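S.K.: Build me a model from this:
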Amino acid sequence: MFYWPFSIVLVLFGIIGAASIGLPFLMLGVTLLALGPFRHRPPVFWPPLLAVIAFNLAYWTIVPFSCVASFSAEAEASSVVCTSLLGIPYEGAGNYNPPLLPALGIAFVLAALVFSITFIALRRKAQSSPSSKEGATSL
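M.R.: Now for the predicted structure:
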């Protein structure tokens, strides 16, 4: 009853706020809508959902979040220092634009790891439960 409206609200909020904070909510909402028919099948539902959450958490904590530029008149040079939420510094000179690929790569790896661990854990739990030994189909 609450599942579908919540998913739609996440998608709408994600679309409205796409230019700022909306993308993680949009990703989560779209994932919930896509997984809706499988929400009563934990080995199918939870691994991709937790992978999307892990991706967003990793990406937004590693990506450069705030930047400070400074200019020295004597040296006629400027420097830019950006930091992530974890405190990882990204530094460069001139018109520096910090890279996003390290955060993206780490987020994808973490999402794949969370997906794999969750899938294996839920599969083992389903195989060891008494109902699976009584003739229910295994995953």
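S.K.: Helix, strand, or coil at the residue nearest the centre of the chain?
M.R.: Among the residues of the chain, the one closest to the centroid is Asn56, at 1.9 Å (CA atoms, centre = their mean). Three-state assignment for Asn56 (DSSP: H, G, I helix; E, B strand; the rest coil): helix.
S.K.: can you check Ser78 too?
M.R.: Applying three-state DSSP to Ser78 yields a three-state assignment of strand.
S.K.: residues contacting it?
M.R.: By CB atoms under 8 Å, 6 or more residues apart in numbering, Ser78 lies in contact with Ala69, Ser70, Phe71, Ser72, Ala93, Gly94. Yep, even glycine has a C-beta here, placed from its N, CA and C like the rest.
S.K.: Return the per-residue confidence for the closest residue to the fourth one other than its chain neighbours.
M.R.: Spatial nearest neighbour of Ser72, chain neighbours left out: Ser78 (7.4 Å); criterion: CB to CB, 6 or more residues apart in numbering. You'll see Ser78 listed with a pLDDT of 82.
S.K.: same thing with Glu134?
M.R.: 50.
S.K.: Quick check: buried residues in stretch 57-77?
M.R.: Of the residues in stretch 57-77, Leu57, Ala58, Tyr59, Trp60, Thr61, Ile62, Val63, Pro64, Phe65 count as buried by neighbour count, 16 or more other CB atoms under 10 Å.
S.K.: what does that stretch contact?
M.R.: So stretch 57-77 is in contact with 24, 78-86, 88, 90, 93-94, 98, 100, 102-104, 106-107, 110-111, going by CB under 8 Å, 6+ apart.
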